[in-house]
Each structure stands twice: as C-alpha cells, then as structure tokens.
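>>> one predicted model, sequence on top.
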Amino acid sequence: MEFTLKTFIFYGFALITIASALAVVTVRNIVHAAFALMVTLFGVAGLYVFLQADFLAATQVIVYVGGILVLILFGVMMTSGRLEMRIHIERGQLLLGGGISLALLMLLLTVIANTPRWENLTDDGTPLEPTTKQIGELILNEKFLLPFEVASVLLLVALIGAALISRKEVRD
Amino acid sequence: MSLQHYLVISAILFSLGIFAVLTRKNAISILMGIELILNSCNLNFVAFSRFVTPSENIVGSEVFRLDGQIIAIFGIVLAAAEAAVFLAIILAIYREFGSIRPDKVDTLKG
C-alpha cells in the first residue's frame, strides 16, 4: 500500500479515536472522561468522512457532540458532588472486566482476520457525495418511511418519559 | 484503507466500551461506555455498506450503498433517546439514594 497523505490522515484519525476512547475508560476524573469522549466522537465523524458519509458525519457532530455530550455534562454537574468526581474502581472487578473485554477483542480480531470474504476489499472510489439528497429521498418516499415514523414516535415517547421521570414529585 | 481497518477500529472501540460498562462504578461512566459501543456499531454499519456491495444482478444495487448510513442515522436517534431517558433515571436515583453508584441501588436485592 502506497503511503499517501490520505492514508496518513486516516491513521491519524484512527489513532485519535482509539487513544481518546482509551482515555474515556481509564481516566479517573469523570469530567476529563467526558471531554475525551468528545474527541472520540469527533474522530468517528472523521472516519465517516473517509467512508464518504458526509451527512452522517455532520449529524454525528451535531447530535453527539452538541446534544448527548452536553446532556452527559449536565448529568455530571447535577449528580456529582466534589467528592464523587473521582471514579472508584475495585481491583478484582478491574481484572475480571479487563480479562473479559480483552477476550472479546481477541475473538473479534480473530473473526476479522479469518473471514476470507472481507479480505482485500478496498475502496473502489465510487463517489456518493452529496449523500444528503439521496438519504432524504430514501427516508421520505421509499423504503425507510415506516422506520422514520416509528423513530419520531419513539423520540416523543422518550421526551415525555424523561420529563415525567425526572420531575419533582408533587405531593398534596 | 480496506474494510478490515475499519473493523479493527470498531472492535477496539467495542471492547473498550464493554470494559467501561463492566468496571466503572459511576452510572454516567457506564453511559459513556454504552455510547462507545453504539458508535462502534454505527461505524460497522457504514463500513460494511461501503465495502460489501450486494451481487451485481440485483436491479439498482447502487441504492443499497446508502442503507448502512441510514441505519446509522437511526442508531444515532436511538442513542439520543436512550441518553435522555438514562439521565432522567439517573437524576431520579440521585434524589432517592443520594448517590449514582450502581451498587448502592440494591433495594430489590433479596
């Protein structure tokens, strides 16, 4: 494989994503973990750009970084006093969890390396961009209309449910 | 960049998320682990739909190349709904128990 600027940038994004994900699960301070998660989400958005998913990359940044991450930070601020900012970890659980996730990683890597159909599939360079128009047409008048409506009902249910669960109970 | 590059990145993200869910003693850190897992799944969907195209004799097989992206968008929608409900439950638990350590919430434990 020739070493071009594109591969260099790809490996940069991959490295950023994995390193910050490692920081998310190892850093002891939960606010630092939240900011590391932001870097991970940006890295995944960059990988989406490499897969020619421009609309998805923008959605990832807007919804995850602009929405979910702010929600997580609000949750941190409202529930963690100064004492609980640091995350306690038990040693036995650390060993067990590390063993299980390492075994899972090894299993996944074995499967990835030993599936002949996935080998040497390289990007044929077919341009898909801009994907926004095609995605909109697929969602609104073709085969994804029903899932779209179900998703909107799901969002409404989640909105009402979250408001109902988190409000203060009024006793009279 | 082959398909396997993306699959390896996604596998690493997935196992890091599992590690966070299994070892962290703070409900919000567990939520971060779940977000990592969901991101790895979305990355897999998009990568597979980019590289593995259906057989050529299906009419309009070019259309299928966007299916993974649309499913990833639905995955993001699900993640947003899940995060909102998760944090509402965390706030309710915090008011009730004064802590969000998952092992403190054991009222139903026999």
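In hand now; what should we look at? Because the structure is a prediction, the values reported are computed rather than measured.

>>> give me the number of residues near the residue nearest to B:Met1 when sequence neighbours are not counted?
Take B:Met1 and drop its neighbours on the chain: the residue closest to it by CB to CB, 6 or more residues apart in numbering or on different chains is A:Phe10, 5.4 Å away. Quick note: C-beta positions are derived from backbone N, CA and C, even for glycine. Residues lying near A:Phe10 (other CB atoms under 10 Å in any protein chain shown) number 19.

>>> thought A:Phe10 was touching A:Phe50?
Yes - at 5.7 Å, A:Phe10 counts as touching A:Phe50 under the criterion of CB atoms under 8 Å.

>>> list residues touching both of these two?
B:Met1 (CB atoms under 8 Å, 6 or more residues apart in numbering or on different chains).

>>> need the helices for chain A, in chain order.
Remark: helices assigned in chain A by DSSP state H are A:5-26, A:30-50, A:54-59, A:69-79, A:91-113, A:131-141, A:145-166.

>>> as TSV, those helices with distance to B:Ala80 would be great.
Shown next, in TSV, are the helices of chain A (distance: least, CB to CB, whole Å):
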stretch	distance to B:Ala80
helix A:5-26	19
helix A:30-50	13
helix A:54-59	10
helix A:69-79	8
helix A:91-113	25
helix A:131-141	16
helix A:145-166	7
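
>>> and of these, who's closest to B:Glu35?
Closest to B:Glu35 of the helices of chain A is helix A:30-50 (CB to CB; 6.7 Å).

>>> just the C-alpha atoms of that closest one, please, in PDB.
C-alpha atoms of helix A:30-50 as PDB (Å, rounded to 0.1, in the frame of the first residue of the first chain):
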ATOM      1  CA  ILE A  30     -15.400  12.000  35.100                       C
ATOM      2  CA  VAL A  31     -15.300  15.500  33.600                       C
ATOM      3  CA  HIS A  32     -12.000  14.600  31.800                       C
ATOM      4  CA  ALA A  33     -13.600  11.400  30.600                       C
ATOM      5  CA  ALA A  34     -16.500  13.400  29.100                       C
ATOM      6  CA  PHE A  35     -14.100  15.600  27.200                       C
ATOM      7  CA  ALA A  36     -12.100  12.600  26.000                       C
ATOM      8  CA  LEU A  37     -15.400  11.200  24.800                       C
ATOM      9  CA  MET A  38     -15.900  14.400  22.800                       C
ATOM     10  CA  VAL A  39     -12.600  13.800  21.000                       C
ATOM     11  CA  THR A  40     -13.600  10.200  20.300                       C
ATOM     12  CA  LEU A  41     -16.900  11.300  18.700                       C
ATOM     13  CA  PHE A  42     -15.000  13.800  16.500                       C
ATOM     14  CA  GLY A  43     -12.600  11.000  15.500                       C
ATOM     15  CA  VAL A  44     -15.500   8.700  14.500                       C
ATOM     16  CA  ALA A  45     -17.000  11.600  12.500                       C
ATOM     17  CA  GLY A  46     -13.700  11.900  10.700                       C
ATOM     18  CA  LEU A  47     -13.800   8.200   9.900                       C
ATOM     19  CA  TYR A  48     -17.300   8.700   8.500                       C
ATOM     20  CA  VAL A  49     -15.900  11.300   6.100                       C
ATOM     21  CA  PHE A  50     -13.400   8.700   4.900                       C
END
